[in-house]
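1. okay, predicted coordinates and the sequence, questions at the end:
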Amino acid sequence: MAPLRVTLACGAYDRTEALRTGVVRPEGIDLNYVAIQSPPEIFARMVANQAFDASEMSCAHALIRRGQGEFPFVALPVFPSRMFRHGFIFVNSKAGIRGPKDLEGKRVGVPEYSQTAAVWIRGLLQHEYGVALETLQWVTGGVNAPGRPDALVNRPDEEVSITRVQDRTLNDLLVEGEIDALIGARKPAAFGKDARVVRLFPNYRELEREYYRKTGIFPIMHTLVIREAFYQEHRWIAESLYKAFVESKVWCLTQMRFSSSLRYTLPWLQADLDEMAEVFGSDPWPYGLEANRHVLSTLVQYLVEQRLLRRPLPLEELFVPLTLIGE
């Protein structure tokens with residue numbers, strides 16, 4: 001029987017390079033890997049048109065829509081994107097914000113209130129620094145270009161103050177002081193060019209390392225989803241894709257650790273690898289539900305607290321069960 005043709009849309013990540021190039025081939029699958037740089041484009045095309053058989057997907061969006069019963073996809077416990085977010089809180093230097101508590105009562109820009117990065121940042125501010133989120137006024141819009149795909153808009157309840165801006169960028173609003181701060185997944189274009197735009201946490205790497213040691217959380221941004229109808233017709237593809245993603249990640253880490261020459265344009269790559277091993281242990285990027293239950297449960301908790309989920313969602317309602325037998 002010929003392999004099943006599966007079209008997958010995902011970022012061109014080092015950890016998925018072996019899948020993209022065919023070094024790793026999923027069992028029984030002829031994989032068409034569509035590499036798209038912009039995650040919101042992937043999400044919007046999948047949500048609006050089910051444009052791919054499988055794709056990378058915002059983890060917050062997947063949980064919110066599954067909780068609403070409006071998500072025609074199932075998820076694999078594969079997490080192509082993880083990222084600490086202490087370094088993605090930007091403030092106007094003239095707004096009088098010297099520490100996290102100074103954000104209270106301020107106008108804060110965010111691409112979309114339900115964006116996964118924003119959910120993690122708000123949870124961080126609330127639980128690690130005691131920021132009263134209910135005092136913040138939110139302004140949504142594009143960071144460096146106006147607008148954001150409507151397919152990705154998930155609105156909280158009416159008690160959250162949100163103003164949407166369509167014709168201007170959040171970057172410009174931050175520079176001019178019309179918003180006091182900006183959070184999200186992208187740096188504003190003015191950062192590093194205009195002294196009015198600075199990071200709240202200049203020493204973010206040190207803080208992120210300590211945050212991980214304290215909480216065990218390496219924030220998950222994206223998961224992998226399959227069209228539910230396609231999955232029901234070919235349920236075996238879940239294990240095939242999962243095993244292939246694991247194998248691709250192992251291949252990536254092996255290539256990265258080759259010490260005779262630098263694989264990536266990072267002068268201190270070997271030192272970074274040593275630090276990564278010291279902080280994270282043998283696997284800095286775990287897949288699987290159980291290995292990530294604490295992180296995912298924390299994300300669900302934040303979604304409920306931030307009025308994006310009405311009730312905690314059992315993770316088993318989102319992620320497909322896998323039958324995997326070790327060697």
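-> Everything's here; your move.
2. buried stuff in the biggest helix by length in the chain?
-> The longest helix of the chain (DSSP state H) is helix 237-256. Across helix 237-256, burial judged by 16 or more other Cβ atoms under 10 Å covers 237-249, 251-253, 256. (Each C-beta comes from the backbone N, C-alpha and C, glycine too.)
3. how about the contacts made by Ala244?
-> Residues in contact with Ala244 (Cβ atoms under 8 Å, 6 or more residues apart in numbering) are 19, 24-27, 29, 31.
4. separation between Gln270 and Ile325?
-> Here Gln270 is placed at a distance of 36 Å from Ile325 (Cβ to Cβ, to the nearest Å).
5. and if you look at Cys10?
-> Remark: distance between Cys10 and Ile325 (Cβ to Cβ) = 26 Å.
6. what does Val143 give?
-> Distance check for Val143 against Ile325: by Cβ to Cβ, it reads 45 Å.
7. same question for Leu4.
-> From Leu4 across to Ile325, the span is 22 Å (Cβ to Cβ).
8. please say which of those two ends up with more neighbours.
-> Leu4 (17 against 5; other Cβ atoms under 10 Å).
9. list the contacts for the residue lying closest to Gln255 once chain neighbours are set aside?
-> Computed as Cβ to Cβ, 6 or more residues apart in numbering, the closest residue to Gln255 that is not its neighbour in sequence is Arg263, at 5.6 Å. Neighbour list for Arg263: 255-256, 269 [criterion: Cβ under 8 Å, 6+ apart].
10. can you check Ala18 too?
-> Per Cβ under 8 Å, 6+ apart, neighbours of Ala18: 24, 247-248, 251-252.
11. what is the nearest of these to Leu296?
-> Set against Leu296, the nearest of those by Cβ to Cβ is Ser248 (21.4 Å).
12. contacts only, for the closest one.
-> Ser248 neighbours (Cβ under 8 Å, 6+ apart): 15-19, 23-24.
13. farthest pair in the residues you listed?
-> Maximum pairwise distance in those, criterion Cβ to Cβ, is 12.3 Å, between Arg15 and Val23.
14. the residue most central in space within the chain: which element?
-> The C-alpha lying nearest the average C-alpha coordinate of the chain belongs to Met221 (Cα atoms, centre = their mean; 1.7 Å). Using DSSP states H and E, Met221 sits within strand 220-227.
15. give me the contact list for that strand.
-> Outside strand 220-227, the residues that touch it by Cβ under 8 Å, 6+ apart are 10, 39, 46, 50, 52-59, 62, 72-83, 116-117, 120, 185, 237-238, 241, 245, 292, 295-296, 299, 320.
16. again, but for stretch 312-321
-> Against stretch 312-321 from outside (Cβ under 8 Å, 6+ apart): 62-63, 66-67, 74-77, 226, 231, 238, 289, 293, 296-297, 300-301, 304.
17. same thing with stretch 123-133?
-> Residues from elsewhere that reach stretch 123-133 (Cβ under 8 Å, 6+ apart): 85-86, 89, 99-101, 103-104, 122, 211, 298-299, 301-302, 305-306.
18. quick check: mean pLDDT across that stretch?
-> Mean pLDDT, computed over stretch 123-133, is 98.
19. any buried residues in that stretch, and which?
-> Buried residues in stretch 123-133, counted by 16+ other Cβ under 10 Å: 123-126, 131, 133.
20. of those, which belong to helices?
-> Of the positions in the buried residues of stretch 123-133, 123-126 sit in helices, assigned by DSSP H.
21. just send the residues you listed back as CSV, with distance to Gln166 too.
-> Formatted as CSV, those follow (distance: Cβ to Cβ, whole Å):
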residue, distance to Gln166
Gly123, 28
Leu124, 28
Leu125, 26
Gln126, 29
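22. tell me the one among the contacts of Ala244 nearest to Asn154.
-> Among the contacts of Ala244, and counting by Cβ to Cβ, the member closest to Asn154 is Leu19, at 29.2 Å.
23. would that closest one count as being in a helix?
-> Yes: the assignment for Leu19 (DSSP: H, G, I helix; E, B strand; the rest coil) places it in a helix.
24. just give the nearest non-adjacent residue to it, would you?
-> In this structure, Leu19 finds its nearest non-sequential neighbour in Ser248, 4.7 Å apart by Cβ to Cβ, 6+ apart.
25. quick check: the gap between the one you found and Val78.
-> Per Cβ to Cβ, Ser248 is found 10 Å from Val78.
26. try Lys94
-> Lys94 is 43 Å from Val78, by Cβ to Cβ.
27. the more surrounded of these two?
-> More crowded of Lys94 and Val78, by other Cβ under 10 Å: Val78, with 24 against 10.
28. please identify, among the contacts of Ala244, the one with the most neighbours.
-> Leu19 (25 neighbours).
29. so that residue sits against Lys243, correct?
-> No: contact criterion Cβ atoms under 8 Å: Leu19 and Lys243 do not qualify, at 11.2 Å.
30. next one: the residue nearest to Leu19, what pLDDT does it get?
-> Looking at Ser248, its pLDDT stands at 98.
31. do you know how far it is from Gly281?
-> Counting by Cβ to Cβ, the gap from Ser248 to Gly281 is 20 Å.
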